[in-house]
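J.: Got a predicted structure here, sequence first:
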Amino acid sequence: MKRLILLAEDNEATLDMMKTQLEFLGYQVTLARNGVEAVARSIAELPDLIVMDMHMPVMDGLQAAFQIRKEPKTQSIPILAATAKAVSGDREKCLASGCNGYLAKPFTHRELDAAIKKLVT
């Protein structure tokens, strides 16, 4: 059975590229286009991993990760933060919000695969 990854990303080009990469790696992918959708889908679908963009409309990834950690059903789901606006202290903010891993965009297919494998065994 394929592992389910929730991909939370608001940029359509990035979403399509990452979805294709994740499917190539053998994962089933479900999508959210903002933080509110990510929280709702994580509760409804209980994915094996969440790949979360940190800069999304409606609710950003930091807030979404915090909400996911507060929900008993989803608090143990690994969250991989992915951000294009990587600045000093970003990694620490992401980890403090409840994310388990961090990737700065752009990243390679291999970097994405390695980051996922660290979080999902």
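T.: Yes, it's here. Numbers count the residues shown, from 1 in each chain.

J.: list the buried ones in the longest helix seen in the chain?
T.: Secondary structure of the chain per DSSP state H: the longest helix is helix 12-24. For helix 12-24, burial by neighbour count (16 or more other Cβ atoms under 10 Å) applies to 14-15, 18-19, 21-22. From N, CA and C alone the C-beta is placed, and that goes for glycine too.

J.: now Glu92: how far from Gly101?
T.: 13 Å (Cβ to Cβ, to the nearest Å).

J.: Which other helices and strands does the longest helix of the chain contact?
T.: strand 4-8, strand 28-32, strand 49-53, helix 109-119 (3 or more Cβ pairs under 8 Å, 6 or more residues apart in numbering; DSSP states H and E).

J.: between Glu92 and Gly101, which one's more packed in?
T.: Using other Cβ atoms under 10 Å as the criterion, Glu92 and Gly101 rank with Gly101 on top: 19 against 10.

J.: Need phi/psi at the more buried one.
T.: phi -150, psi 170 (degrees, to the nearest 10).

J.: Hmm, Ala82 and it touching each other?
T.: No - in this structure, Gly101 is not within contact of Ala82 by Cβ atoms under 8 Å, at 9.2 Å.

J.: Please report how far the closest residue to Pro106 other than its chain neighbours lies from Lys93.
T.: Once flanking residues are discounted, Pro106 sits nearest to Ala84: 7.6 Å by Cβ to Cβ, 6 or more residues apart in numbering. As judged by Cβ to Cβ, Ala84 and Lys93 stand 15 Å apart.

J.: So those two - more neighbours on which side?
T.: Neighbour totals were compared for Ala84 and Lys93, and Lys93 leads with 15 against 12 (other Cβ under 10 Å).

J.: In three-state terms, label the more buried one for me.
T.: Assigned state for Lys93: helix (three-state reduction, DSSP: H, G, I helix; E, B strand; the rest coil).

J.: same deal with the one 10 residues further on?
T.: The three-state label for Leu103, taken from three-state DSSP, comes out as strand.

J.: For it, list the residues it contacts.
T.: Contact partners of Leu103, counting by Cβ atoms under 8 Å, 6 or more residues apart in numbering, are 80-83, 111-112, 115.

J.: List the buried residues for the lowest-mean-pLDDT helix or strand in the chain?
T.: The weakest-scoring helix or strand in the chain, judged by mean pLDDT, DSSP states H and E, is helix 90-97 (a mean of 80). In terms of neighbour count (16+ other Cβ under 10 Å), helix 90-97 has its buried residues at 90-91, 94, 97.
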